[in-house]
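> return a 3D structure for these sequence lines:
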Amino acid sequence: MMPQAPTTSPGARRRNFDLHLAKAGARLEATWLGPPPEEAPTLVFLHEGLGCVELWRDFPKRLAEATGCGALLYSRAGYGHSNPCPLPRPVSFMHDEALTVLPQVLEATGVRDHILIGHSDGGSIALIHAGGSPRPGLLGVVTMAAHVFREDISRRSIAAAGDAYRRGELKSRLAAYHGGNTDCAFWGWHDVWLRPEFAEWNIEEFLPTITAPLLVIQGEDDQYGTASQVTAIVRQVGGQVETAMLAACGHAPHLQQKDAVVEKIAGFIAGLTTGTSGG
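Sure thing, here's the model as predicted:
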């Protein structure tokens, strides 16, 4: 049984709920902020490879308040307090999320007009979805530190994260957010990115068919990817694209340059939502 679309009441700015996807056979933790989908466009947040609902911190709330939009956050299977997932993850895991799971999430929550906001792996998922099977109502896409192909810098930094996890300090930090999914979340991400066949992973084929306006954000000091990712997106995307390269910023622009990123994304969204409503 699919849940009804989330509803809010004055003063009830946040609603946590379980999202049951019958087709995917998964129960995902989810949060709704702000107005429901029939009243305003929805910002759909797609987390990074080690992320979850709570690791977005207060960024979704700030962006929802700045734009007047609703916000949908959910943890993918194997992350946060969602159901675990089988390991190892397939090389196609981002394609599977973008083309199979995300459409079910949008349908189950009653999302209408919406903007995808993806960080790292979540940004890649947003690009695949927008170029492969966008649902009606997609107004635009925002990516932060998205990957469209694997680089050596990604492999080196992920291998270093594996060393930190084995030493214990990274595992203890992640456990506060992922609980019993901590090993699943970490090794599922780490191991698939370092598999030899992942060297050929590439999603550039989806870029020419993206027609929704796109905002691409990346830190100049990103330890998981270079400006080559941005260049590839700009060169090949089929629609309007804006970019923002942020100085003194690493892999998490929404946390490391929060004020600037909220302002930049809010301005982009204002251009998309003028004259629109949730209906």
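
> for the rest of this, base every contact and every neighbour count on C-alpha atoms.
Will do.

> do a quick rundown of the strands in the stretch 1-150 of the chain.
14-21, 26-33, 42-46, 70-74, 114-119, 138-144 (DSSP state E, counting those that start in this stretch).

> so residue 247 makes contact with residue 217?
No: using Cα atoms under 8 Å, residue 247 is not in contact with residue 217, being 11.2 Å away.

> looking at these two, which is more packed in?
Neighbour tally, residue 247 and residue 217, criterion other Cα atoms under 10 Å: the higher count belongs to residue 217, 26 against 13.

> lowest-scoring secondary structure element of the protein by mean pLDDT?
Of all helical and strand segments in the chain, the minimum by mean pLDDT, DSSP states H and E falls on strand 14-21, at a mean of 91.

> residue 226: neighbour count?
19.

> bridging residues for the spatially most central residue of the chain?
Residue closest to the mean C-alpha point of the chain, counted by Cα atoms, centre = their mean, is residue 46 at 2.0 Å. Counting by DSSP bridges, residue 46 is bridged to residue 118.

> one step back: and the strands of the stretch 1-150 of the chain as CSV, adding distance to residue 127?
As requested, the strands of the stretch 1-150 of the chain are arranged in CSV below (distance: least, Cα to Cα, whole Å):
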stretch, distance to residue 127
strand 14-21, 22
strand 26-33, 21
strand 42-46, 11
strand 70-74, 17
strand 114-119, 9
strand 138-144, 8
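
> can I assume residue 105 is in contact with residue 22?
No: counting by Cα under 8 Å, residue 105 stays clear of residue 22, with 10.4 Å between them.

> ok, the two, which is more surrounded?
A direct count of neighbours by other Cα under 10 Å for residue 105 and residue 22 places residue 105 higher, at 21 against 12.

> distance of the closest residue to the more buried one other than its chain neighbours relative to residue 113?
Nearest non-adjacent residue to residue 105, counting by Cα to Cα, 6 or more residues apart in numbering: residue 21, 7.2 Å away. Using Cα to Cα, to the nearest Å, we find residue 21 at a distance of 21 Å from residue 113.

> same thing with residue 53?
Distance of residue 53 to residue 113, given as Cα to Cα: 21 Å.

> just the helices in this protein please.
Along the chain, counting by DSSP state H, helices occupy 59-67, 93-96, 102-108, 121-132, 152-167, 169-178, 182-194, 227-236, 253-256, 258-273.

> which parts of the third one are buried?
Spelled out, that is helix 102-108. By neighbour count on 16 or more other Cα atoms under 10 Å, the buried set for helix 102-108 is 102, 104, 105, 106, 108.

> more neighbours, residue 21 and residue 113?
Legend: neighbour count by other Cα under 10 Å for residue 21 and residue 113, higher for residue 113 (24 against 18).

> for the closest residue to that one other than its chain neighbours, list the residues it contacts.
Leaving aside its sequence neighbours, residue 113 sits nearest to residue 137 (Cα to Cα, 6+ apart; 4.2 Å). Going by Cα atoms under 8 Å, 6 or more residues apart in numbering, residue 137 touches 112, 113, 114.

> mind checking how far residue 137 is from residue 46?
From residue 137 over to residue 46 the distance is 17 Å, taken as Cα to Cα.

> for the buried residues of helix 102-108, give me a markdown table that also has distance to residue 199 and pLDDT.
Shown next, in a markdown table, are these (distance: Cα to Cα, whole Å; pLDDT from 0 to 100):
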| residue | distance to residue 199 | pLDDT |
| --- | --- | --- |
| 102 | 25 | 97 |
| 104 | 29 | 95 |
| 105 | 29 | 96 |
| 106 | 31 | 97 |
| 108 | 34 | 94 |
